[in-house]
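A.B. asks: Build me a model from this:
(2 chains)
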Amino acid sequence: MGETLVEMDGISKDFPGVHALADCRFELRSGEVHALVGENGAGKSTLMKILAGVYHRDAGQIRIKGEPVEIDSPRAAQNLGISIIHQELNLMPHLTVAQNIFIGREPRANPSFILDEDELNAQARALFETMHLALDPRVRVGRLAVAQQQMVEIAKALSFDSNVLIMDEPTAALTDTEIRELFRIIRRFREQGAGVIHISHRLEELKQISDRVTVMRDGRYIDTVRTDEAPIDRIISMMVGRTIFEATPEVPEHPDPEVLLEVRGLNRGRMVRDVSFKVRRGEIVGFAGLVGAGRTEVARAVFAADRPESGEILVRGRGRRITTPNDAVRYGIGYLSEDRKRYGLALALDVETNIVLAAFRRFVGFLGMVRAGMTRATAVAQVKHLAIKTPSLRQKARNLSGGTQQKLVVAKWLTAETEILFFDEPTRGIDVGAKSEIYRLLNDLAHEGKAIIMISSELPEILRMSHRIIVMCEGRITGELTAAEATQERIMAYATQRQAIAA
Amino acid sequence: MAFSLGRFGRPGALVRSDAIQRFLAFGALILIIVFFSIASPEFRQFDNAIGILIATAVVGVLALGETFVIITAGIDLSIGTVMTLSAVMTGVVVTNLGMPLPVGILAGIGTGGVVGLGNGLLVARLKLPPFIATLGTLNVARGLALVISGLAPIYFTSSPEFNNAFMGSLLGSIIPGFDIPNIVLVMFGAAIVAALVLGKTILGRYTYALGSNEEAARLSGVNVDAWKAGVYALGGLFAGLGGVMIAARVNSAQPSLGFGYELEAISAVVIGGTSLSGGEGSILGTVIGAFIISTLTNGLRIMSVPQEWQTVVTGVVVIFAVYLDILRRREQL
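C.D. replies: Alright, predicted model coming up:
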C-alpha cells in the first residue's frame, strides 16, 4: 500500500436530536480497497457524505495527501479527486447516459453557453471503452435496468479522474456476474494507485475485494483491521458489540397440508410465463433466481398490482377473481415490497396509523369517526407481538431503522388479517443484527399458520429459511427443490437454465 | 469482456415519449383545421388565418417561458399578470415619461425578467412551493399594475409607431398580399430562440435535469438554486415580451387585462406534451398546443358557438391532454 490519500480525524456530526458521529476517524491509502462496515445507523454513510461534501462536519479535520482541506460542497470534493456513488441511485431518468455522466461539466462549444453534444457522446464512448462497457451513450437512463443504471453511476464516478472512490452499497442491486465485473473494475482502479472506500452489508464480499476493514458502531470508530487477518465472525462481533452466531433455525418437517394459495398458469408479458405453484399453511416457500428472473413480477401479478393476462388463483381451494390489490387483501393476501419506503409505509405518519392503515375500515365507527381506543389497542398489541422497537406509537415511520420499518409493514398486514404473505427481499438494506430478527419473525409467522412466499436474491438466506424452493429464470419456473435437496449449486443451475436448454 | 448493457442501446430507445404526444398534438391540429375548413367557408379565409396567428402570438410567447418552468416540475401562475405589469411599465415609460420607444420595450421585458427572478428566488432560495409563490406574485403584479397605471388604461397616442411596429407587416411589404403582421414573426422568432436555449444550451440541459431529478443534479455539483432562479427569470422575460406585444396590439396598456392568460398558456404547454411532473417537454409541442387552443376557439366562434361553450371545449381538451400524458407514462412503467 502506498501513500496516505485521506485522513479523517476527530470527525463529529450532530443532526437535530441525534449524535450521528462522535470522534470518528478513517484513513485511506493509495492502492487499497478499504471496506467500511457497521450496522444501519452506525454512521458509515454520514461519514462518507462528509468526505464527499454533502454534509458539513461539526468538528474534526480532513487531510488529503497530508494537506488540511475544507470540503464544503460536492463540487469541492470532486475538485479534490473524491467521487462518491450514493446508496440511492442519483440519476436523471429523462437525460441520456452521457448527459448524466457529465452533468455539471458538459463540454461546451463556442460561445461557451452552447453545449457540444457530439463531444459529450464521444467522451462517454471513450470512457466506456476503458471500462469495457458496451453501452450507447445516447440512451435515456430511464430505459435502463437498475443494474445498468448502477453501471452508469460507476462510470460517472470513474469519469472524474478521481483517486478516491467511495461506493455506498454498490452491489445491492447487482447480479453475481455484474458484481464480478464491478470488482474487476475496482481492482484495475486500485492498480492505478487510487483508493476505494467500499461500504457494504455483504460481508463475504469484503473478503473478496478489500484490503482493510474499518468497523463503526453507533456513530463511533471501533477498529481498523487487515481483511486477511480478520475472520468474518470477528468483524460481525465488532459490528454488533457482542459475539453472535447465526444459528440455523430448525425448519419444521411437515407443514400443515392445507393449501392456502394455489396459482395456475399465470401469465403476464415476458416476465411471468405459465407460472403455477402452491403454498401450504405454515410453509415458507423461497423464490430464488437472478435479478430480473420475474419473481417480483409474479408476486405483483398475484396481488393484482399488475393485472395478469391469464391464470387462475385459488385461495383456500376456491377460485378467486382478483383484479385489484384491494381484492387481494380481502382474500387475505399481503405483499411486502422490497422498497418499503416507497410502497410499504406512510413515512410521514406514526406507528399506530401505519399499523391500522390497511384495515382502516374496521376501525371506523359512528359518523365515520376513527375509534381511537381500538386503533391504539391494536397497535399496542402488534408492537408487543412483533417486538417493534419504537419509543412510542406516535413515532413517525420515517425515523425508524430499516429492520423496525420492516416489522411495521408486517404488523400492518397482520392487522389486515392476511394469511398469505409475499415478502420481497425482506432483508435488503437491513443490518446483520436485525436480519436474524426478521428471520425469526418469518419463522414465527409460519408457526402461527401463515403461508409465506419469500423472494430473495441471497442464496444463503433462501437455503436457510425455506421449506421449499422454487427457482425462476426468464419468467418461468425452472425448478423446485425441497429444503433437504437444495444446495447453492443446484439452485444456480436452475436459475441459469435458459429456455433453449430447458426445453 | 463487456457488460450485457449493449442490448438496451438500440436506436428505438432514443425516441422520446414526449415526441409521441407532439405527433398526436400535431395530428389533432391538422384535424381541427380540416374540420373547420370543411364546416365553414369563413374559416378558410386568409384573413381568418391571420386572425388565428395574431390570437396565438401573445399566449404563445407566454407559453414558451412556461414550458421551461414546467419542465423543471414547477409552475408559474403569475405570467398573465406579469404580462400586464410589463405592458403598464412600457406605457408609463413611453407615454407618461415620454422616453423613446425602445427604452419602453426594454423596460417592459426587463420588468418581466425582474419579477420572474423574484419568483425564482422565492422558489429556489426560500423553498416556497412554486404554486404558492407564483400565486402570490400573480396578485402582487396585478395590484402593482393597477397602482402604477392609476387604475386607468395608458394609451400610446404619442407614439403610433409602436402599434405599427408590431401590427404592420414587414412580410406584406416584401411579398404583396402576404400580410402577416410582425407580431406573429416575433412569436416565431421567440420560439426559435426558446427552442435553441432549451435544446442547445447549458440552461436548457439543467432545465431538464432539475425536472428529472433535482437531488441528483445537486449532488453532481450543479448549482441547482441558481439555475432554477434562472429558469423562472427566463419565464418572466417571456412574460415581459408578451406584455409589450399585447400593449402594441391593443395600442394601450390595460391594467385589468391579463388575468387568465396564464391558464391558457399552461394549457398550451400541457397539450403540447410537456409533462407536469417534469423532465420532458418541447418548444415545438408548446407552439402546436398554443395553435390548437386558438384555432379551436376561433373555429367555434365562427360556427357561432357561444363563448362560454368555447371555454368548456378548451377545458375538455386540456383534461384530455393530461390524461394522454398519464396514459403514456403508465405504459412506460
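A.B. asks: Let me see the backbone angles for A:Ser73.
C.D. replies: phi -160, psi 160 (degrees, to the nearest 10).
A.B. asks: what about chain A, any weak spots by pLDDT?
C.D. replies: By pLDDT under 70, the low-scoring segments of chain A are A:1, A:16-18, A:40-41, A:172-173, A:240-256, A:342, A:429, A:431-432, A:498-503.
A.B. asks: Break it down into its structural domains.
C.D. replies: The record's domain parsing of chain A by automatic domain parsing lists A:4-240, A:258-332+A:419-503, A:341-417.
A.B. asks: Please identify which of the ones you listed is closest to chain B.
C.D. replies: domain A:4-240 (3.0 Å; Cβ to the nearest Cβ). All C-beta atoms are positioned from the backbone trio N, CA, C, and that covers glycine.
A.B. asks: Surely A:Gly2 touches A:Asn163?
C.D. replies: No - taking contacts as Cβ atoms under 8 Å, A:Gly2 lies outside contact range of A:Asn163: 10.5 Å.
A.B. asks: So which of those two has more stuff around it?
C.D. replies: Neighbour count, other Cβ atoms under 10 Å in any protein chain shown: between A:Gly2 and A:Asn163, A:Asn163 has more, with 21 against 11.
A.B. asks: Can you give me every residue that contacts the more buried one?
C.D. replies: The neighbours of A:Asn163, taking Cβ atoms under 8 Å, 6 or more residues apart in numbering or on different chains as the test, are A:Leu5, A:Ser30, A:Gly81, A:Gly193, A:Ala194, A:Gly195.
A.B. asks: That one and A:Gly433: what is the separation?
C.D. replies: 34 Å (Cβ to Cβ, to the nearest Å).
A.B. asks: hmm, back to that, closest one to B:Gln307 among the domains of chain A?
C.D. replies: Distance to B:Gln307, taken as Cβ to Cβ, is lowest for domain A:4-240 among the domains of chain A, at 38.5 Å.
A.B. asks: Determine how far that closest one lies from the middle of the whole chain.
C.D. replies: Here the centre of domain A:4-240 is set off from its chain's centre by 17 Å, with Cα atoms, centre = their mean, to the nearest Å.
A.B. asks: ok, now stretch B:23-36?
C.D. replies: Worked out by Cα atoms, centre = their mean, stretch B:23-36 lies 20 Å from the chain centre.
A.B. asks: residues of it that come out buried?
C.D. replies: Using 16 or more other Cβ atoms under 10 Å in any protein chain shown as the test for burial, stretch B:23-36 gives B:Leu24, B:Ala25, B:Phe26, B:Ala28, B:Leu29, B:Ile32, B:Ile33, B:Phe36.
A.B. asks: Residues touching that stretch, excluding its own?
C.D. replies: Counting by Cβ under 8 Å, 6+ apart, B:43, B:271-273, B:285, B:288-289, B:291-292, B:295-296, B:298-299, B:302-303, B:321, B:324 sit against stretch B:23-36.
A.B. asks: Now the buried members of the contacts of A:Asn163.
C.D. replies: A:Leu5, A:Ser30, A:Gly81, A:Ala194, A:Gly195.
A.B. asks: Name the nearest of those relative to A:His385.
C.D. replies: Lowest distance from A:His385 to the buried ones among the contacts of A:Asn163 (Cβ to Cβ) belongs to A:Gly195, with 47.1 Å.
A.B. asks: so what's the closest one up against?
C.D. replies: If you count contacts by Cβ under 8 Å, 6+ apart, then A:Gly195 has A:Leu5, A:Val6, A:Leu28, A:Arg29, A:Ser30, A:Gly31, A:Glu32, A:Val33, A:His34, A:Asn163, A:Val164, A:Leu165 around it.
A.B. asks: Separate out the buried members of the residues you listed.
C.D. replies: A:Leu5, A:Val6, A:Leu28, A:Arg29, A:Ser30, A:Gly31, A:Glu32, A:Val33, A:His34, A:Asn163, A:Val164, A:Leu165.
A.B. asks: Over to stretch B:164-171 now: how far is its first residue from its last?
C.D. replies: Terminal residues of stretch B:164-171 are spaced 13 Å apart (Cα to Cα, to the nearest Å).
A.B. asks: Any quick PyMOL command for the buried ones out of the contacts of stretch B:23-36?
C.D. replies: The following PyMOL line selects those of the contacts of stretch B:23-36 that are buried, judged by 16+ other Cβ under 10 Å:
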select buried, chain B and resi 43+271+272+273+285+288+289+291+292+295+296+298+299+302+321+324
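A.B. asks: Quick check: A:Thr390 touching A:Leu400?
C.D. replies: Yes - between A:Thr390 and A:Leu400 there is a contact at 6.2 Å, judged by Cβ under 8 Å.
A.B. asks: okay, and the common contacts of the two?
C.D. replies: A:Val351.
A.B. asks: count of residues packed around A:Arg105?
C.D. replies: For A:Arg105, using other Cβ under 10 Å, the count is 16.
A.B. asks: before we move on, what about the one 5 residues further on?
C.D. replies: A total of 7 residues lie near A:Asn110 under the criterion other Cβ under 10 Å.
A.B. asks: That one belongs to a helix?
C.D. replies: No - with DSSP: H, G, I helix; E, B strand; the rest coil as the criterion, A:Asn110 is assigned coil and is not in a helix.
A.B. asks: on that earlier part again, mind listing which of the contacts of stretch B:23-36 are in helices?
C.D. replies: Mapping the contacts of stretch B:23-36 onto helices (DSSP state H) picks out B:271, B:285, B:288-289, B:291-292, B:295-296, B:298-299, B:302, B:321, B:324.
A.B. asks: Please identify which pair of those residues lies farthest apart.
C.D. replies: It's B:Ile302 and B:Leu324 that sit farthest apart of the ones in helices among the contacts of stretch B:23-36, by Cβ to Cβ, at 26.8 Å.
A.B. asks: Of all the domains of chain A, which one is nearest B:Val193?
C.D. replies: Of all those, domain A:4-240 comes closest under Cβ to Cβ, at 12.8 Å.
A.B. asks: can you tell me how far B:Leu77 sits from A:Met216?
C.D. replies: B:Leu77 is 48 Å from A:Met216, by Cβ to Cβ.
A.B. asks: Revised request: answer the last question for A:Ile232.
C.D. replies: Distance, A:Ile232 to A:Met216, by Cβ to Cβ: 17 Å.
A.B. asks: cool, and A:Glu67?
C.D. replies: Relative to A:Met216, A:Glu67 is positioned 25 Å away (Cβ to Cβ).
A.B. asks: Please identify which of those two sits among more neighbours.
C.D. replies: A count of neighbours by other Cβ under 10 Å puts A:Met216 above the other of A:Glu67 and A:Met216, at 25 against 8.
A.B. asks: so the more buried one, which of the three states?
C.D. replies: Relying on three-state DSSP, one would call A:Met216 strand.
A.B. asks: quick one: contacts for it?
C.D. replies: A:Cys24, A:Leu36, A:Val37, A:Gly38, A:Ala42, A:Gly43, A:Lys44, A:Leu47, A:Ile222.
A.B. asks: Got a ChimeraX select line for the buried ones in those?
C.D. replies: A single ChimeraX command selects the buried members of the contacts of A:Met216 (16+ other Cβ under 10 Å):
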select /A:24,36,37,38,42,43,44,47,222
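A.B. asks: circling back: return the member of the buried ones among the contacts of A:Asn163 nearest to B:Ala226.
C.D. replies: A:Gly81 (24.8 Å).
A.B. asks: Run a quick neighbour tally on residue 162.
C.D. replies: No chain in the question, so chain A it is. With other Cβ under 10 Å as criterion, A:Ser162 counts 20.
A.B. asks: if you could check chain B rather than the one you did, that'd help
C.D. replies: For B:Phe162, the neighbour count with other Cβ under 10 Å is 22.
A.B. asks: cool, and the one 10 residues further on?
C.D. replies: The burial metric for B:Gly172, expressed as a neighbour count using other Cβ under 10 Å, is 14.
A.B. asks: and it, what is it in contact with?
C.D. replies: B:Phe178, B:Asp179, B:Ile180.
A.B. asks: By neighbour count, sort out the buried ones in these.
C.D. replies: Among the contacts of B:Gly172, those classed as buried by 16+ other Cβ under 10 Å are B:Ile180.
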